[in-house]
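Asks: 3D model of this:
(chains A and B)
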Protein chains: 2
Amino acid sequence: MTDVKLPFTARVAGLPSTIPFVGPEALERRRGVPFDVRVGANESAFGMSPKAASAMRDAIERIAWYGDPEGYDLRAAIAQLHDVNVDEVCLAGGVDELLGLTVRMLVEPGQAVITSLGAYPTFNYHVTGFGGELVRVPYKDDHIDLQALVDAAHQHAAPLVYLANPDNPMGTWHDAGAVQDFINALPERTVVVVDEAYIEFAPESAQWPITTTDPRVLRMRTFSKAHGMAGARIGYVAAHAEAIVGYSKIRNHFGVSRPALAGALASLQDTAFLQHVIDEVARGREDYYELARQYNLAYVQSATNFVAIDVGGGERARALLAELESRNVFIRMPGVAPMDRCVRVSVGLPADRAVFAERFADALKAI
Amino acid sequence: MTDVKLPFTARVAGLPSTIPFVGPEALERRRGVPFDVRVGANESAFGMSPKAASAMRDAIERIAWYGDPEGYDLRAAIAQLHDVNVDEVCLAGGVDELLGLTVRMLVEPGQAVITSLGAYPTFNYHVTGFGGELVRVPYKDDHIDLQALVDAAHQHAAPLVYLANPDNPMGTWHDAGAVQDFINALPERTVVVVDEAYIEFAPESAQWPITTTDPRVLRMRTFSKAHGMAGARIGYVAAHAEAIVGYSKIRNHFGVSRPALAGALASLQDTAFLQHVIDEVARGREDYYELARQYNLAYVQSATNFVAIDVGGGERARALLAELESRNVFIRMPGVAPMDRCVRVSVGLPADRAVFAERFADALKAI
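Replies: The predicted model follows:
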């Protein structure tokens, strides 16, 4: 059957068979050995709120029932948290799904979409998947170059721009005022995704209230990072009601699982646990900074739950990654120069950080 | 801000703001009263396998980790069950999500897609959402009219045809031989979704082995019905590897939750529990048949976990639905004539069936 040709659409037929990320499980299967330390996907080492875990377990008792397709209770809680209306919030199975819906909603095939060279691959995956043309502007000093995004948006009359703040994979951030200036400088018909997956870990100066008055701004949040619920798949976008109407025309209405809805609601209310995670992550970052200094390596000040450590060049970083993998440590690294001089390590538990420090030292010696 | 116009794509701007189903929770919020009996969404009254529940609870302990984006272990178990290869199985967050991906993968805007008039609204939602043109052929004697589907596929050179077997909302089915003849009669370039969400409840004669040799056949299964895991959101398609490559180019790779992966794997292995559910559902159908006979009402022999009871016309059925809702009973009914002479009631627990019987009697009197 090698010559089978299904009647794919021209677009899908023309897409490459790439995937945004290879999961650690696939690497484990390939190697036949499990990882001892999993600090590569910016998952939370500090787990989820016990109240959220309890709510999820309760939800399993009723797992035969579909979750509320309107996710009303959770949306009401989110709306209250941000002082917006319920009809200004849309849920989905994580920011990844929201990014796909956003591209589908706003980008005509052939239109330019602006992002940064080396930024979140899953956004690029969706842009390409829906026929958009990616325009990637370089980072500047390991930061997203806001002016370059604005310039590209004007030059290409782009319907959509992507900004992660704080940024992944570098962990840098822009202060609220700079982001506001950036938005004000965008073309009138350009919508911006502000992906705030890591915002809870950022300094106050980077935090700005969610407002829904400007319909060009889509603020995305996730329960996968600070809330420790990556495996549950749930995130949201807060935006002008007109954008939410757009999402509701195309979203998978029954797509969010019942345990995710229940867990997210409970987690949102457990602010003490969230603060505990934020504090632990701050301590973990300091450990990684100290580790870098110990080996005279530069590092990037981070507003996230991971740290990019500069090991002196792309070749060295890739070699280090391989050495760490062979020592059963899972980390990742930025995909493009000049950021690929770094490896990116997520904050693990203190015990994980100790193991990481040991094997990092060994791996450094080996390269 | 009433004159706001986001730069939606032409297609999304032109879509109506319809949703496939209003959830029971939305009805409860509207009425301010919870339902006593929820037998409207064909959810399983018999819950999930205790082993699956235990696996899901265990998965919550590691909810901070993303699930395996390849879902390898579950796909391997599914492949073994059907004696196909792992690369002939794709997972997603339920059949709903798979239907969306399928349309996106195969249907160019403006192309005709064939389904039955009154069949699964969520399929239609996705066809319209991706710009396909729905061609709906009538049912014949409450059955999907296979010949009419074939004729329409030829007439419109359709890339895609939808067949639910057993059918929802009528509960009828076609035997394996008839379905095979149907597939053989389709145009060479027409792909068929065979949605087997209810197949576990069907007679042996309707069951046929999953084969992946014919690339035009996409067999879809769910854990939402017999496995009692609707709230977890997980289903799969088994098909030719080339189709699976297509899905993998566009699917949300990290979209299935970790508890869903774990629960589905355990449920698949608990065949005794599955048989228990199938037996209980068969008993429940008999109860509903008996109830119908008691009031001299016709009913449709069902191969699913629900029964369509003929109450004598669309007006009467809609009135009965309203009467039942006012008595805190949630059921649904087919959307179009002549099937809308029926109400559709899911098999509940014996106690639920008893309450349903009582209120059904009262509601009948009231109309």
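Asks: how about residue A:347, what does it touch?
Replies: A:39, A:45, A:280-281, A:284-285, A:288, A:305-307, A:353 (C-beta atoms under 8 Å, 6 or more residues apart in numbering or on different chains). (Each C-beta comes from the backbone N, C-alpha and C, glycine too.)
Asks: could you redo the last one with a cut-off of 7 Å?
Replies: By C-beta atoms under 7 Å, 6 or more residues apart in numbering or on different chains, the contact list for residue A:347 reads A:45, A:281, A:284-285, A:305-306.
Asks: Chain B: which of the residues you listed is nearest?
Replies: Of all the contacts of residue A:347, residue A:45 has the smallest distance to chain B: 7.3 Å, by C-beta to the nearest C-beta.
Asks: For that closest one, give me its contacts.
Replies: Counted by C-beta under 7 Å, 6+ apart, residue A:45 has contacts A:347-349, A:352.
Asks: Go again with 8 Å.
Replies: By C-beta under 8 Å, 6+ apart, the contact set of residue A:45 is A:39, A:280, A:284, A:346-349, A:352, B:64.
Asks: Tell me the most packed of those residues, by neighbour count.
Replies: Neighbour counts for these, by other C-beta atoms under 10 Å in any protein chain shown, peak at residue A:347, which reaches 30 neighbours.
Asks: Could I get the phi/psi values of it?
Replies: phi -70, psi 120 (degrees, to the nearest 10).
Asks: who touches residue A:123 in this structure?
Replies: Listed by C-beta under 8 Å, 6+ apart, the contact partners of residue A:123 are A:99, A:103, A:115, A:162, A:193, A:195.
Asks: re the thing from before, so which of the contacts of residue A:347 are in strands?
Replies: Judged by DSSP state E, the subset of the contacts of residue A:347 located in strands is residue A:306.
Asks: where along chain A do the strands fall?
Replies: Under DSSP E, chain A gives strands at A:37-38, A:89-92, A:112-116, A:133-137, A:160-164, A:191-195, A:217-222, A:235-238, A:298-299, A:306-310, A:329-330, A:342-346.
Asks: Flag every buried residue along the top helix by length along chain A.
Replies: Counting by DSSP state H, the longest helix found in chain A is helix A:271-294. Using 16 or more other C-beta atoms under 10 Å in any protein chain shown as the test for burial, helix A:271-294 gives A:273-274, A:277, A:280-281, A:284-285, A:287-289, A:291-292.
Asks: Low-confidence bits of chain A, can you list those?
Replies: Counting by pLDDT under 70, the ranges of chain A that qualify are A:1-4.
Asks: Disregarding flanking residues, what is the spatial nearest neighbour of the most centrally placed residue in it?
Replies: Nearest to the geometric centre of chain A sits residue A:197, at 5.0 Å (C-alpha atoms, centre = their mean). Leaving aside its chain neighbours, residue A:197 sits nearest to residue A:222 (4.8 Å; criterion: C-beta to C-beta, 6 or more residues apart in numbering or on different chains).
Asks: which ones are touching the closest residue to residue A:182 other than its chain neighbours?
Replies: Sequence neighbours aside, residue A:146 is the residue nearest to residue A:182 in space, at 4.2 Å (criterion: C-beta to C-beta, 6+ apart). Residues near residue A:146 by C-beta under 8 Å, 6+ apart: A:163, A:174, A:178-179, A:181-182.
Asks: same deal with residue A:211?
Replies: A:84, A:217.
Asks: how near is residue A:163 to residue B:259?
Replies: Look at residue A:163 and residue B:259: by C-beta to C-beta, to the nearest Å, they are 32 Å apart.
Asks: Of the two, which one has the most company?
Replies: Higher neighbour count among residue A:163 and residue B:259: residue B:259, with 37 against 21, using other C-beta under 10 Å.
Asks: Would you check that that one makes contact with residue B:60?
Replies: Yes - with contact defined as C-beta atoms under 8 Å, residue B:259 counts as touching residue B:60 (6.1 Å).
Asks: overlap in contacts of those two?
Replies: Residues touching both residue B:259 and residue B:60 (C-beta under 8 Å, 6+ apart) are A:56, A:60, A:259.
Asks: So what would you say the end-to-end distance of stretch A:5-14 is?
Replies: Distance between the two ends of stretch A:5-14: 13 Å, counting by C-alpha to C-alpha, to the nearest Å.
Asks: Please identify the buried residues of it?
Replies: The neighbour-count check on stretch A:5-14 (16+ other C-beta under 10 Å) flags A:6-9, A:11-12 as buried.
Asks: Stretch A:147-156 too?
Replies: A:148-150, A:152-153, A:156.
Asks: can you give me the helices in the stretch 101-250 of chain A?
Replies: With DSSP state H, counting those that start in this stretch, the ranges of helices along the stretch 101-250 of chain A come out as A:121-129, A:146-156, A:176-185, A:241-250.
Asks: C-alpha coordinates for the last one, PDB please?
Replies: C-alpha atoms of helix A:241-250 as PDB (Å, rounded to 0.1, in the frame of the first residue of the first chain):
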ATOM      1  CA  ALA A 241     -16.600  39.400  24.200                       C
ATOM      2  CA  GLU A 242     -16.500  39.500  20.400                       C
ATOM      3  CA  ALA A 243     -13.400  37.400  20.400                       C
ATOM      4  CA  ILE A 244     -15.100  34.900  22.700                       C
ATOM      5  CA  VAL A 245     -18.100  34.700  20.300                       C
ATOM      6  CA  GLY A 246     -15.500  33.800  17.600                       C
ATOM      7  CA  TYR A 247     -14.000  31.100  19.700                       C
ATOM      8  CA  SER A 248     -17.400  29.600  20.400                       C
ATOM      9  CA  LYS A 249     -18.200  29.300  16.800                       C
ATOM     10  CA  ILE A 250     -15.300  26.900  16.200                       C
END
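Asks: Now do it: everything it contacts.
Replies: A:85, A:87-90, A:92, A:98, A:101-102, A:104-105, A:191, A:212, A:215, A:218, A:237, B:1, B:4-6, B:8, B:12, B:15-17, B:19, B:129.
Asks: Select only the buried ones of those in ChimeraX?
Replies: Here is the ChimeraX command that selects only those of the contacts of helix A:241-250 that count as buried (16+ other C-beta under 10 Å):
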select /A:88,89,90,92,98,101,102,104,105,191,212,215,218,237 /B:6,8,12,15,19,129
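Asks: Do me a favour and get the end-to-end distance for stretch A:232-252?
Replies: Start-to-end span of stretch A:232-252 (C-alpha to C-alpha) is 16 Å.
Asks: So which bits of the stretch 201-350 of chain A are right by chain B?
Replies: A:213, A:215-216, A:224, A:228-233, A:240, A:242-243, A:245-246, A:248-250, A:252-260, A:263 (C-beta under 8 Å from any C-beta of the partner chain).
Asks: Mind doing that once more with 7 Å?
Replies: Taking C-beta under 7 Å from any C-beta of the partner chain as the measure of proximity, the stretch 201-350 of chain A contacts chain B at A:213, A:215, A:228-233, A:240, A:242-243, A:245-246, A:248-250, A:252-255, A:257-260.
Asks: Can you go through those and name the buried ones?
Replies: A:215, A:228-233, A:240, A:242-243, A:245-246, A:248-250, A:252-255, A:257-260.
Asks: just to revisit the earlier point, buried members of the contacts of residue A:146 into PyMOL, please.
Replies: With 16+ other C-beta under 10 Å as the criterion, this PyMOL line picks the buried residues out of the contacts of residue A:146:
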select buried, chain A and resi 163+174+178+179+182
